[in-house]
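K.L.:
fold the following, please.
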Amino acid sequence: MTPAVQAAKKAKVAYQLHSYDHDPKAESYGREAADVLGLPPEQVFKTLVALVDDQPVVAMVPVAHQLDLKFLAKAHGGKKAVMCPPDKAQRLTGYVLGGISPLGQKKRLPLYLDQSAGGHEEVYMSAGRRGLEIAMAPNDLLNLTGGKLAALVREKISNE
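P.N.:
Purely as a prediction, here's the structure:
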């Protein structure tokens, strides 16, 4: 059991685990999860670690979209955001790339969830290793992480 699953279990929130055989040749971990599990890419969120004014923060956006670093900086009240170097992201979270979960990280980092998540009953995200996704209500995710909804992508996602 990963720290992410332990965190959800300990908090007694409703969640579902979905595992699949990860293909090491997959170009996008999140897109692979959506495809293999037959989920709409707007409902599967990737967990990214960025630095806003040199402070690490977590951003979660749908796998079909790219994080807008200017939007993230604004959401965090900072001036400039850049992606965190992969080795540092792994050290900060305790997870490997493609398996970084917003739950059960070594140190709780400020978290911003793209506002499109509010349009879903549940969202899917990494459960702490490649090939394992956890689904839960966006509000449960925000409560567990102390996170906030924010506009993080330029394109508006339709929920229709």
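
K.L.:
any weak-confidence spans in this protein?
P.N.:
155-160 (pLDDT under 70).

K.L.:
and the residue nearest the centre of the protein?
P.N.:
T47 (2.7 Å; C-alpha atoms, centre = their mean).

K.L.:
for that residue, give the beta-bridge partners.
P.N.:
M60 (DSSP bridges).

K.L.:
got the residue ranges for the helices in this protein?
P.N.:
Along the chain, the segments classed as helices by DSSP state H run 3-11, 29-37, 69-76, 86-93, 138-145.

K.L.:
to P62, which of these lies closest?
P.N.:
Of all these, it is helix 29-37 that lies closest to P62, at 8.3 Å by C-beta to C-beta. All C-beta atoms are positioned from the backbone trio N, CA, C, and that covers glycine.

K.L.:
follow-up on the earlier one: out of the helices of the chain, which is closest to R130?
P.N.:
Smallest distance to R130 across the helices of the chain (C-beta to C-beta): 6.2 Å, for helix 29-37.

K.L.:
for the closest one, output the C-alpha coordinates as PDB.
P.N.:
Output of helix 29-37 as PDB, limited to C-alpha atoms (Å, rounded to 0.1, in the frame of the first residue of the first chain):
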ATOM      1  CA  TYR A  29       1.800   8.600 -17.800                       C
ATOM      2  CA  GLY A  30      -1.500  10.400 -17.300                       C
ATOM      3  CA  ARG A  31      -2.700   9.900 -20.900                       C
ATOM      4  CA  GLU A  32      -1.700   6.200 -20.600                       C
ATOM      5  CA  ALA A  33      -3.900   5.900 -17.500                       C
ATOM      6  CA  ALA A  34      -6.900   7.600 -19.200                       C
ATOM      7  CA  ASP A  35      -6.500   5.400 -22.300                       C
ATOM      8  CA  VAL A  36      -6.000   2.100 -20.500                       C
ATOM      9  CA  LEU A  37      -8.800   2.700 -17.900                       C
END
